[in-house]
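**Student:** this one's sequence-less:
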Ligand SMILES: [Zn+2]
Ligand SMILES: [Zn+2]
């Protein structure tokens, strides 16, 4: 009995590790479905529900962040504070790091309602791919 629980825990841990590694290795900000499709190549047995549960868990534990476009939740294994560009047409999510070096200026500033510890900034527009 104890062994079974241990096996399940070990399995979940390795599934989690594979999903997190995938998220950290891509810059595409995949959706839950993208993650499921990709991870299934390595873990053919994994269910969609398990992938969703693990993604939620990663988000809750702050190991991954979630970015919401109009219709979709995207996941990002990069939890550093960085600004995102969201395309209004294809809902693609892009990191904009250097382009928004000024964003960090507001960090640690004291404002009327309190002190800022972090930020999350989304910019919206049409990406180059969609402009063509
Ligand atoms: Zn686009
Ligand atoms: Zn990002």
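**Tutor:** That came through, no problem. Everything numeric in this text was worked out from a predicted model, so none of it was measured. Numbering: from 1, shown residues only. Ligands and ions are numbered 1, 2, ... in the order given.

**Student:** can you tell if the lengthiest helix in the chain touches ligand 2?
**Tutor:** In the chain, with assignment by DSSP state H, the single longest helix is helix 2-25. No. Counting by Cβ under 5 Å from the ion, ligand 2 has no neighbours in helix 2-25; the shortest distance is 10.1 Å. No exception for glycine: its C-beta is placed from N, CA and C like everyone else's.

**Student:** buried ones in that helix?
**Tutor:** With burial defined by 16 or more other Cβ atoms under 10 Å, the residues of helix 2-25 counted as buried are 15-16, 18-20, 22-23.

**Student:** just checking, what packs against that helix?
**Tutor:** helix 32-39, helix 48-60 (3 or more Cβ pairs under 8 Å, 6 or more residues apart in numbering; DSSP states H and E).

**Student:** That helix to helix 32-39, inter-axis angle?
**Tutor:** Helix 2-25 and helix 32-39 are oriented at 110 degrees to each other (axes from the mean of the first three to the mean of the last three Cα atoms, to 10 degrees).

**Student:** and the angle for helix 2-25 with helix 48-60?
**Tutor:** Between helix 2-25 and helix 48-60, the angle formed by their directions is 70 degrees, by the same axes, to 10 degrees.

**Student:** chain center to helix 2-25, what's the gap?
**Tutor:** Average the C-alpha atoms of helix 2-25, do the same for its chain, and the two points are 18 Å apart (Cα atoms, centre = their mean, to the nearest Å).

**Student:** which other residues reach it?
**Tutor:** If you take Cβ atoms under 8 Å, 6 or more residues apart in numbering as the criterion, helix 2-25 is touched by 30, 35, 38-39, 42-43, 46, 50-51, 54-55, 57-58, 63-64, 75-78.

**Student:** List buried residues within these.
**Tutor:** The neighbour-count test (16+ other Cβ under 10 Å) marks 30, 35, 38-39, 43, 46, 50-51, 54-55, 58, 64, 75-77 as buried among the contacts of helix 2-25.
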